[in-house]
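Colleague: sequence and predicted structure below; questions after.
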Amino acid sequence: MSTTGTIDKTAIRNAATVIVLRDRMGEPSILMGQRGAKAAFMPNKFVFPGGAVDAEDARVPLATPLPAVCDGRLRDDSPDGLQHPLAVAAIRELWEETGLVLGTPGTWEGDVPEDWTTFAATGHLPSAQSLQFVFRALTPPGRPRRFDARFFLVDADDIQGDLDDFTHASDELSHLQWIKLTEARQFDLPFITEVVLAEVAGRVLDRDPPESVPYFRNNDEASLFLRLRGFPMPDHP
């Protein structure tokens, strides 16, 4: 997770999480790692790679944008303009925490942002066309950190390079590994991760973005399970 800027520990931060699905037509597995014992948020839990959106993410160009249908659903019950930094944050966090590249071959123009120098050195530009928005969850009140997390599903076939090479990963997650989808619940998982896994299991054979996206919203008044049905993309001249 990047540490750009000062973090307000009481604020709800927008975040992006990436579920990489491997061998979906055979024995599907997902990539997970374990958070540290001293982590303020979900210590010791096995989680998907992901983290908070940084201010710099809005200024990082994408070689290809999100699918239009995902862009529209990300705008549902959210400020317009957040779609791009969420996609960038997803790609950045995947790289930082696992060393895996979601991008397309290319050379960066101009100065490369500090958080992206090692990614750029691989000879790739970040690409969002393979990200599918599949779930959203707001951390309940009373937790030491609160995130409004958007979960993105990506097929491992769209990752560049060796899927088992984690040598470029930071130390944010330990025990990085591919876990069979049928065995994931044997690990120490956060409750919301179990809910998301059930959603992913139902989408293994469907390569298209979902028609609507589950939203588990926890606030001071109630915990609600909603559906985000999105907005049509505006016409362009």
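Modeller: Okay, I see it.

Colleague: quick one, helices of this protein?
Modeller: Listed in chain order, the helices found in the chain under DSSP state H are 68-74, 83-98, 117-120, 191-201.

Colleague: just the C-alphas of the longest one, formatted as CSV.
Modeller: Coordinates of the C-alpha atoms in helix 83-98 are reproduced here as CSV (Å, rounded to 0.1, in the frame of the first residue of the first chain):
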residue,chain,number,x,y,z
GLN,A,83,-13.7,5.5,-11.6
HIS,A,84,-10.3,6.3,-13.1
PRO,A,85,-8.4,6.5,-9.8
LEU,A,86,-10.0,3.3,-8.5
ALA,A,87,-8.8,1.4,-11.6
VAL,A,88,-5.3,2.9,-11.2
ALA,A,89,-5.2,2.0,-7.5
ALA,A,90,-6.2,-1.5,-8.3
ILE,A,91,-3.4,-2.0,-10.8
ARG,A,92,-0.9,-0.2,-8.5
GLU,A,93,-1.8,-2.3,-5.4
LEU,A,94,-1.6,-5.5,-7.4
TRP,A,95,1.9,-4.6,-8.5
GLU,A,96,3.1,-3.4,-5.1
GLU,A,97,1.7,-6.3,-3.1
THR,A,98,2.3,-9.2,-5.5
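
Colleague: who does the residue nearest to Thr122 when sequence neighbours are not counted bridge with?
Modeller: Using Cβ to Cβ, 6 or more residues apart in numbering and skipping residues adjacent in sequence, the residue nearest Thr122 is Val101, 5.5 Å away. In short, each C-beta sits where N, CA and C put it, glycine included. When assigned by DSSP bridges, Val101 has beta-bridge partners Gln160.

Colleague: give me the pLDDT for Val101.
Modeller: With respect to pLDDT, Val101 has a value of 98.

Colleague: so how far is Val154 from it?
Modeller: Between Val101 and Val154 the distance is 12 Å, computed by Cβ to Cβ, to the nearest Å.

Colleague: same question for Arg73.
Modeller: When Cβ to Cβ is the yardstick, Arg73 and Val154 sit 16 Å from each other.

Colleague: the lowest-mean-pLDDT helix or strand in the chain packs against which elements?
Modeller: Least confident helix or strand, the chain: strand 223-228 with a mean of 86, by mean pLDDT, DSSP states H and E. Using 3 or more Cβ pairs under 8 Å, 6 or more residues apart in numbering; DSSP states H and E as the contact criterion, the elements in contact with strand 223-228 are strand 213-218.

Colleague: angle of the strand it packs on against strand 223-228?
Modeller: Strand 213-218 and strand 223-228 are oriented at 160 degrees to each other (axes from the mean of the first three to the mean of the last three Cα atoms, to 10 degrees).
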